[in-house]
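Asks: here's a sequence, model it:
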Amino acid sequence: MKVYLAREVGFCFGVKRAINMTRQALAEHNDVSILGDVVHNRTVTSELEARGLKKVNDLEDVRGGTMVIRAHGLPLQRIQEAHDRGLRIVDATCPIVTQAQEAAIELERRGCQVVIIGDKNHAEIKGVVGNLRNPALVVDSVEELHEAELDKRLLRKVGVIFQTTHSFELCSSIVSELIQMAKEVQVINTICRPVRNRQMDAVELAEKVDIMIVVGSRSSANTIELKHLCLKYNSNTIHVENADELDMAQFAAIEEVGIASGLSTPPETVESVKRRLVIWDQNRSTAPQPERNPAGPAAFAVLN
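Replies: Prediction:
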């Protein structure tokens, strides 16, 4: 059995940067807290919490010290509130997310209704919306766009940005529909280039192999997005968080396996999935085979 890794797996630049900044803050300061998770991966968050990082749900729970801003960013109002409380701020917001926030502000400055294609419940989108003066329209499907038009929530002059980890295909389909509805549509492509490259690479690999494995947390939006994308090109796509979730019976008749990962998946986790497959295949190849009845299956059936 051949096992192929996608060209880029493990942490992206923004995730690696946020983790390193958090580790540094923990090394330099005694009281370090964070609103939510640094990134969406339990292995990572457990490691940082073991080092002393305190996860809180509200700034009311922070009495002092240092606060890390997660990779997904925060609304300006929350950051200002942290400053007002006298907290030391470590801004680990991914630079690509910061660019998306700035793009939304620019579109609003131009007089556009800001339309964000993404998950309204995602931390990144909440951060972008929280930086705007006027309410933004957040849609994640063509159907939601039509509902907004029927409810008269969609204006005539709109400016569009994308959740940085979203599927390019999904965003394109919604923009194509939007162009037919609004009088003026301005688009700033805020999809992260490394994300796009990973998506295209994973699709290329998924088309070639018998089974495709996407490794990453089930709370990671970009991992789930990658799984759905791979499913379009290989119906035999599975999603696991780690090697322990592999069902080896699935690989009994498999000749080629592809592995891709979410942006917040530790490279060691991806490597452990590959290693589990390789060792299992080696053990299967060297295991003694049962003796065959020379009389054949038919004779065996008669004897029993």
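Asks: residues contacting residue 187?
Replies: Residues in contact with residue 187 (Cβ atoms under 8 Å, 6 or more residues apart in numbering) are 159-161, 175. No exception for glycine: its C-beta is placed from N, CA and C like everyone else's.
Asks: so which of these sit within strands?
Replies: 159-161 (DSSP state E).
Asks: export those to JSON lines and tack on neighbour count, distance to residue 209 and pLDDT?
Replies: Converted to JSON lines, those look like this (neighbours: other Cβ atoms under 10 Å; distance: Cβ to Cβ, whole Å; pLDDT from 0 to 100):
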{"residue": "159", "neighbour count": "23", "distance to residue 209": "40", "pLDDT": "98"}
{"residue": "160", "neighbour count": "27", "distance to residue 209": "35", "pLDDT": "98"}
{"residue": "161", "neighbour count": "28", "distance to residue 209": "34", "pLDDT": "98"}
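Asks: from those, which is closest to residue 47?
Replies: Comparing these against residue 47 with Cβ to Cβ picks out residue 161 as the nearest, at 32.3 Å.
Asks: and the nearest residue to that closest one once chain neighbours are set aside, how far from residue 45?
Replies: Counting by Cβ to Cβ, 6 or more residues apart in numbering, residue 190 is the residue found nearest to residue 161 once chain neighbours are left out, at 4.5 Å. Plainly put, residue 190 is 26 Å away from residue 45 if you go by Cβ to Cβ, to the nearest Å.
Asks: what kind of secondary structure is residue 273 in?
Replies: helix (DSSP: H, G, I helix; E, B strand; the rest coil).
Asks: right, and it touches residue 215 too?
Replies: Yes: using Cβ atoms under 8 Å, residue 273 makes contact with residue 215 at a distance of 5.4 Å.
Asks: which one of these two has more residues nearby?
Replies: residue 215 (30 against 26; other Cβ atoms under 10 Å).
Asks: identify the residues contacting the nearest residue to the more buried one once chain neighbours are set aside.
Replies: Closest residue to residue 215 apart from its sequence neighbours, by Cβ to Cβ, 6+ apart: residue 261 at 4.4 Å. Contacts here follow Cβ under 8 Å, 6+ apart; on that basis residue 261 touches 6, 9-10, 214-216, 223, 269-270.
Asks: same check, this time on residue 171
Replies: Residue 171 sits next to 117, 162, 191 when contact means Cβ under 8 Å, 6+ apart.
Asks: circling back to that earlier point, okay, now the residue nearest to residue 161: neighbour count?
Replies: Residue 190 - counted by other Cβ under 10 Å - has 24 other residues nearby.
Asks: circling back to that earlier point, can I get the ones in strands among the contacts of residue 187 in JSON lines including distance to residue 91?
Replies: What follows is these, written out as JSON lines (distance: Cβ to Cβ, whole Å):
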{"residue": "159", "distance to residue 91": "25"}
{"residue": "160", "distance to residue 91": "26"}
{"residue": "161", "distance to residue 91": "20"}
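Asks: if we can go back for a sec, look up phi and psi at the residue nearest to residue 161.
Replies: phi -110, psi 10 (degrees, to the nearest 10).
Asks: now it: how far from residue 137?
Replies: Distance, residue 190 to residue 137, using Cβ to Cβ: 16 Å.
Asks: again with residue 10
Replies: 35 Å.
Asks: just to check, residue 197 is in contact with residue 12?
Replies: No: contact criterion Cβ under 8 Å: residue 197 and residue 12 do not qualify, at 10.0 Å.
Asks: residue 274: neighbouring residues, count only.
Replies: 18.
Asks: count of neighbours near the residue nearest to it when sequence neighbours are not counted?
Replies: Residue nearest to residue 274 in three dimensions, not counting chain neighbours: residue 3, with 5.5 Å by Cβ to Cβ, 6+ apart. Close neighbours of residue 3, defined as other Cβ under 10 Å, add up to 19.
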